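> Here is a sequence together with a model predicted from it:
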Amino acid sequence: MDFPEDLLYTKTHEWVKKEGDNKVRVGITSYAQSELGDVVYIELPDLDRIVKAGTACTVVESVKAAFDIYAPVSGKVIETNNDLENNPQLVNENPYGKGWFSIIEMEDPQELTKLLSNKDYEKLCQSK
Amino acid sequence: MTDNNKKTPLYDVHVDLRAKIVDYHGFLMPLEYSTIISEHRSVRNSAGLFDISHMGEIVIEGEGATELVQKIITNDISNLPDHKAAYSPICDEEGGILDDIVIFKYNLDKYMLVVNCGNIKKDNKWINKFKSDNVNINDASDQISLLAVQGPKSKEIIRLALGDECSVLSHFHFMEVTVGEIQLTVSRTGYTGEDGFEIFVDNSHCVDLWKMLLEKGKDMDLKPVGLGARDTLRLEAGYLLYGNDIDDYITPLEAGIGWAVKFEKTDFIGKATLLRLKKYGLKRMFVAFKMRDKGIPRTDNEITHNNNVVGKVTSGTFSPSLVIGIGFGYVLKRFAEHKSMVSIRIRGTDYPAQIVDTPFSTLDKER
């Protein structure tokens, strides 16, 4: 299980990568994909949708069940990962790379300070 | 997970294999060892080994054994040969399904009922209500373990592990055999839609048998398979799951297992109600359906037709073999009869689905 240092994390197992001043790329962690099992379908948010931190914005379906994925920050969805439509297993294979979900233009970059560091997130996973 | 959870003798073995463990009706069972899809494919392409020791075994013995079994089941076992098994619902007086079981007939005076783990106590209590003095009922669920070897390579694995005689058993036949010093009951049965075997063994020898089977099956790619793939396999094969697809509020006639209700049999519990139901017709009927394109159906999703709710999903999943969503449910009779195009309402959106026959895919192999 890896917890890359250059990312920020949520307690609900999403990761956030800062890309420029007010944009972030988001996805789910390696721990999350391993808990979900084989990912077979992903319902991404529509472009331009305004999302609020901590609310459900994406649905990931594994063989077992459907799971809500929460927006780690508030803002506007400006890009989503179209490759996931035909290759949902990218989330299992490469959760921090090709398995990314969307890019959000942040409403308030200060929200990033509320997220967890890789060390804190790793501790959280180990306590499970 | 509480301390009340039961473990099969293989619990530590599952943990060592790094299985994801889930609570299934009070049993700590392996959900998946690797991933559900890869385990599913192992069973379809080579073979899988399952620990299904959570299943219950109720042994009925004595002069009145046949009479008692005939009274509680809806199927008819009067012509069942010794050492053959049969599937049947057990119904209450109202025709509701108390359980669906497999009856193993050793001889006229001895039967073993293999029951769902969530129903062991209920079944035992129910059967005891109809017991006469010349019958002995023993719930052996806590002493007997059950392993299943399923898949196209299972015959060869059983031949290597348990001998020629077991490997040539006919479908639904069983035999008692001693291998080394382990006494086993081996049957040609399963819940996957593949050729396969189920092996009953005393708890004390369960771990040894598991290891021996894995060792003998190594060259044929035998892999441990968890309950996750057991569910996707049984859905593709069209098999019902008690608690999801059938329960006390559903009759076998509605559930599509009317073939296992034998009205010509003198008497059985539920007969009068079921006869009436058959005469006056059913309102809802069981269906299997396949998504046309997107969407993965799940338990309790609504089934719709032109925006009207016409039924409900009882089981659904992503089919690893068909690479599409499949499911079971109940719909108003006319939609079942016409094999209508319906929709499954998933998170507020209606996704088209086609009512189909089971098994779903090209699973129907020669028996």
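Sure, I can see it.

> contacts and neighbour counts: CA atoms only from here.
Noted.

> Quick check: residue B:229 touching residue B:34?
No - using Cα atoms under 8 Å, residue B:229 is not in contact with residue B:34, being 10.5 Å away.

> between the two, which one's more packed in?
residue B:229 (27 against 18; other Cα atoms under 10 Å in any protein chain shown).

> Just the mean pLDDT for the longest helix along chain A, thanks.
Determined from DSSP state H, the single longest helix within chain A is helix A:118-126. Mean pLDDT, helix A:118-126: 96.

> what does stretch A:58-67 give?
95.

> Contacts for that stretch, please.
Taking contacts as Cα atoms under 8 Å, 6 or more residues apart in numbering or on different chains, the residues outside stretch A:58-67 that touch it are A:36-45, A:68-70, B:36-37, B:228, B:296, B:298, B:317-318.

> Out of those, list just those in strands.
Taking DSSP state E as the definition of strands, these contribute A:39, A:40, A:41, A:42, A:43, A:68, A:69, A:70, B:317, B:318.

> Quick one, which of those residues are buried?
Neighbour-count burial (16 or more other Cα atoms under 10 Å in any protein chain shown) is assigned, among those, to A:39, A:40, A:41, A:42, A:43, A:69, A:70, B:317, B:318.

> what's across from the third one in the sheet?
This means residue A:41. Assessed by DSSP bridges, residue A:41 has beta-bridge partners residue A:61.

> Could you give the bridge partners of the residue in the stretch 251-367 of chain B positioned nearest to chain A?
The stretch 251-367 of chain B approaches chain A most closely through residue B:318 (5.5 Å), counting by Cα to the nearest Cα. Beta-bridge partners recorded for residue B:318 (DSSP bridges): residue B:325.

> That one against residue B:326, yeah?
Yes - between residue B:318 and residue B:326 there is a contact at 6.2 Å, judged by Cα under 8 Å.

> what do these two both touch?
Listed as contacting both residue B:318 and residue B:326 by Cα under 8 Å, 6+ apart are B:296, B:297.

> What is the burial count for the closest residue to chain A within the stretch 1-150 of chain B?
Going by Cα to the nearest Cα, chain A is nearest to residue B:35 of the stretch 1-150 of chain B, at 6.3 Å. Residue B:35 is flanked by 20 other residues according to other Cα under 10 Å.

> quick one: what helix or strand has residue 59 in it?
Chain wasn't specified; assuming chain A. Element membership of residue A:59 [criterion: DSSP states H and E] is strand A:56-62.

> wait, chain B
strand B:56-61.

> Just the angle for the helix or strand just after that strand relative to strand B:56-61, thanks.
With elements assigned by DSSP H and E, the helix or strand that comes after strand B:56-61 is helix B:65-72. On the basis of axes from the mean of the first three to the mean of the last three Cα atoms, to 10 degrees, helix B:65-72 is oriented at 130 degrees to strand B:56-61.

> which helices and strands sit right next to helix B:65-72?
Contacts defined by 3 or more Cα pairs under 8 Å, 6 or more residues apart in numbering or on different chains; DSSP states H and E place helix B:65-72 against strand B:110-115.

> list the buried ones in the following helix or strand past the strand it packs on?
Downstream of strand B:110-115, the next assigned helix or strand under DSSP H and E is helix B:120-129. Using 16+ other Cα under 10 Å as the test for burial, helix B:120-129 gives B:120, B:123, B:124, B:127.

> doesn't residue B:115 make contact with residue B:56?
Yes - using Cα under 8 Å, residue B:56 is in contact with residue B:115, at 4.9 Å.

> which ones are touching residue 117?
Assuming you mean chain A. A:5, A:7, A:8, A:9.

> my question was about chain B
Contacts of residue B:117 (Cα under 8 Å, 6+ apart): B:25, B:54, B:55, B:56.

> Now a PyMOL select for only the buried ones of the residues you listed.
The following PyMOL line selects those of the contacts of residue B:117 that are buried, judged by 16+ other Cα under 10 Å:
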select buried, chain B and resi 54+55+56
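
> Before I go, just wanted to say thanks for your time.
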